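Asks: next input, structure requested:
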Amino acid sequence: MGAYLLEWLSLFFRWFHVIAGVAWIGASFYFVWLDLSLRKPPQWKADKGISGDLWAVHGGGFYEIAKYKLEPEEMPKTLHWFKWEAYTTWLTGAAMMSIVYYANATAYLIDPSKVPFTSIGAIATSLLFLFGSYFIYEVIVRSHLGKNAFIFSTLIFILLVIASWGSYQLFSDRASFIHIGAILGTVMVGNVFFGIMPAQRALVDCVRRGEKPGKEVAELALQAKNRSLMNNYFTLPLIFTMISNHYPMMYAHEKGWLVLVFVGVITATARHYFNQKHLGHKKPRYLVIPAILTVLLIIWMRPEPIDPAPAMPATAAVTPTTTNSTPTATSATTNTNTDNVNNSSVSNNAATAAEAVPVSASADDAMMDVVHTRCSTCHAVQPTQQGFAAPPAGIILQTPEDLKTHKAKIVTAVQTGYMPLGNITQLTDTERQQLVAYASSL
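Replies: Numbers count the residues shown, from 1 in each chain. Okay, here's the model as predicted:
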């Protein structure tokens, strides 16, 4: 019942997180587009303090938009603020992190082949990693280094590269991707809470008091604009990390941290193209470069081909060991996404499975013993693994026909080493090699 209720909580907060995220990202994209698309206003508008204007048509009507350099002539009666989209997105994301990765640290957060954390130790390390990274960001952005765009961007890139590498040394592969996404999300909401909102409050307070904003308020407004633009560049890399748990080929790569760096560069560069386009500068090279990098990434990440396994007697198949065949209890929930918490050497061994341990499709009985012992504890109509109320991703593996149906997913999951989850069923390297070869021959 506990796993069932946790699954409902996970569903609710994931849904709420997506809704809030769409609202926040939509507002971010819109206001950056608006700010970069503003053009010099006619003189009569400039005389009123308007620094830029824009006309648009949407939904059957015309819109006239004007931006004041600082303060309007008088305080409007109704003023819309944009903050709760950001706060709600971060709070629901933190709830998701707690429900999936902290409540189930043994299954989703910890990779004992990297660091044999206790659950409490892993959670404490995760929190320190997240907020420590954010603290370093704030130190940089508030220092004189933050005033130079090139130096600031370079330092932030280096920080994120180090964070990406560091997360892969500490946590499971899937959790590593999520941690980088959580760092980006925390930086973005921190930009809103500690940078953008204080500047807006200072500006609004001046207008309400009937005072002309001074140099200090103007500097705060400029910093707020820069933080908003930084959030805009972080948006696409952040979205990628959030959907990455659907694609273990990305985070399960033995150089997954470098894959993440590549994706960050690709997506941020593509975002730069559109920001330049909003300014009226069409620079296709900022789309060509990401396209080339994407092709290179695909080529670099390609898995080793798996040759069909030659026939061999079923009796030659490796008999699965029964040690700990009923895995130790974990707090795992029925998260519809599986996890990768195995070391990278497994991927290297599995990549040459067909050559190393050839198995024939005639070895059904022997291989199904392995599947029932190592896989079906979770992937069954009624899982016996504690914490699972239903098979992950709805995948049932109890018959050879089931394996054939999910052949592509099985080969990827087992070859990359991200299944079994945390290797809680203790699938051996030899069994892993045989299972890859067997599934590939179906």
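Asks: how far does the strand or helix carrying I162 sit from the chain's center?
Replies: Using DSSP states H and E, I162 maps to helix 149-170. The gap between where helix 149-170 is centred and where its chain is centred comes out at 16 Å by Cα atoms, centre = their mean, to the nearest Å.
Asks: give me the buried positions along that helix.
Replies: 152, 155-156, 159-161, 163-168, 170 (16 or more other Cβ atoms under 10 Å). For the C-beta atoms, the positions are set from N, CA and C on the backbone; glycine is no exception.
Asks: low pLDDT regions in the stretch 101-250 of the chain?
Replies: Filtered on pLDDT under 70, the stretch 101-250 of the chain yields no residues whatsoever.
Asks: which stretches in it count as helices?
Replies: Secondary structure of the stretch 101-250 of the chain (DSSP state H, counting those that start in this stretch): helices at 119-142, 149-170, 173-190, 197-209, 215-243, 248-251.
Asks: of all these, which lies closest to K283?
Replies: helix 215-243 (15.6 Å; Cβ to Cβ).
Asks: that closest one - contacts with which helices or strands?
Replies: Applying 3 or more Cβ pairs under 8 Å, 6 or more residues apart in numbering; DSSP states H and E, we find helix 215-243 packed against helix 2-37, helix 173-190, helix 197-209, helix 256-278.
Asks: closest one to Q382 among these?
Replies: Of the helices and strands packed on helix 215-243, nearest to Q382 by Cβ to Cβ is helix 2-37, at 12.4 Å.
Asks: contacts for the next helix or strand after the closest one?
Replies: With elements assigned by DSSP H and E, the helix or strand that comes after helix 2-37 is helix 43-46. For helix 43-46, the surrounding residues in contact (Cβ atoms under 8 Å, 6 or more residues apart in numbering) are 40, 53, 66.
Asks: Throw those residues into JSON lines and include distance to W33, thanks.
Replies: Listed next are the contacts of helix 43-46 as JSON lines, based on distance: Cβ to Cβ, whole Å:
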{"residue": "K40", "distance to W33": "18"}
{"residue": "D53", "distance to W33": "15"}
{"residue": "A66", "distance to W33": "16"}
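Asks: returning to what we had before: and the angle from the helix holding I162 to helix 173-190?
Replies: On the basis of axes from the mean of the first three to the mean of the last three Cα atoms, to 10 degrees, helix 149-170 is oriented at 150 degrees to helix 173-190.
Asks: using PDB, write out every CA atom in helix 149-170.
Replies: C-alpha atoms of helix 149-170 as PDB (Å, rounded to 0.1, in the frame of the first residue of the first chain):
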ATOM      1  CA  ALA A 149      29.800  38.600 -19.900                       C
ATOM      2  CA  PHE A 150      32.600  36.500 -21.400                       C
ATOM      3  CA  ILE A 151      34.400  35.700 -18.200                       C
ATOM      4  CA  PHE A 152      31.100  35.100 -16.400                       C
ATOM      5  CA  SER A 153      29.900  32.700 -19.100                       C
ATOM      6  CA  THR A 154      33.200  30.800 -19.100                       C
ATOM      7  CA  LEU A 155      33.200  30.400 -15.300                       C
ATOM      8  CA  ILE A 156      29.600  29.100 -15.300                       C
ATOM      9  CA  PHE A 157      30.400  26.700 -18.100                       C
ATOM     10  CA  ILE A 158      33.500  25.400 -16.100                       C
ATOM     11  CA  LEU A 159      31.300  25.100 -13.000                       C
ATOM     12  CA  LEU A 160      28.700  23.000 -14.800                       C
ATOM     13  CA  VAL A 161      31.300  20.800 -16.400                       C
ATOM     14  CA  ILE A 162      32.900  20.100 -13.000                       C
ATOM     15  CA  ALA A 163      29.400  19.500 -11.500                       C
ATOM     16  CA  SER A 164      28.600  17.100 -14.300                       C
ATOM     17  CA  TRP A 165      31.800  15.100 -13.800                       C
ATOM     18  CA  GLY A 166      31.400  15.200 -10.000                       C
ATOM     19  CA  SER A 167      27.800  13.900 -10.100                       C
ATOM     20  CA  TYR A 168      28.900  10.900 -12.000                       C
ATOM     21  CA  GLN A 169      31.500  10.100  -9.400                       C
ATOM     22  CA  LEU A 170      29.000  10.200  -6.600                       C
END
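Asks: hmm, back to that, as TSV, the helices of the stretch 101-250 of the chain with distance to R302 would be great.
Replies: Shown next, in TSV, are the helices of the stretch 101-250 of the chain (distance: least, Cβ to Cβ, whole Å):
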stretch	distance to R302
helix 119-142	31
helix 149-170	20
helix 173-190	18
helix 197-209	46
helix 215-243	19
helix 248-251	10
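Asks: re earlier: quick one: which of the helices and strands packed on helix 215-243 is nearest L70?
Replies: Comparing the helices and strands packed on helix 215-243 against L70 with Cβ to Cβ, the closest turns out to be helix 197-209 (6.7 Å).
Asks: quick check: buried residues in the closest one?
Replies: So for helix 197-209, counting by 16+ other Cβ under 10 Å, buried means 197, 199-200, 202-203, 206-207.
Asks: centre of the chain to it, how far?
Replies: 35 Å.
Asks: what packs against that helix?
Replies: Using 3+ Cβ pairs under 8 Å, 6+ apart: helix 197-209 touches helix 215-243.
Asks: okay, buried residues for the helix it packs on please.
Replies: Using 16+ other Cβ under 10 Å as the test for burial, helix 215-243 gives 217, 220-221, 223-238, 240-242.
Asks: contact partners for the residue nearest to A202 when sequence neighbours are not counted?
Replies: Closest residue to A202 apart from its sequence neighbours, by Cβ to Cβ, 6 or more residues apart in numbering: V217 at 5.0 Å. By Cβ under 8 Å, 6+ apart, V217 lies in contact with 70, 199, 202-203, 206.
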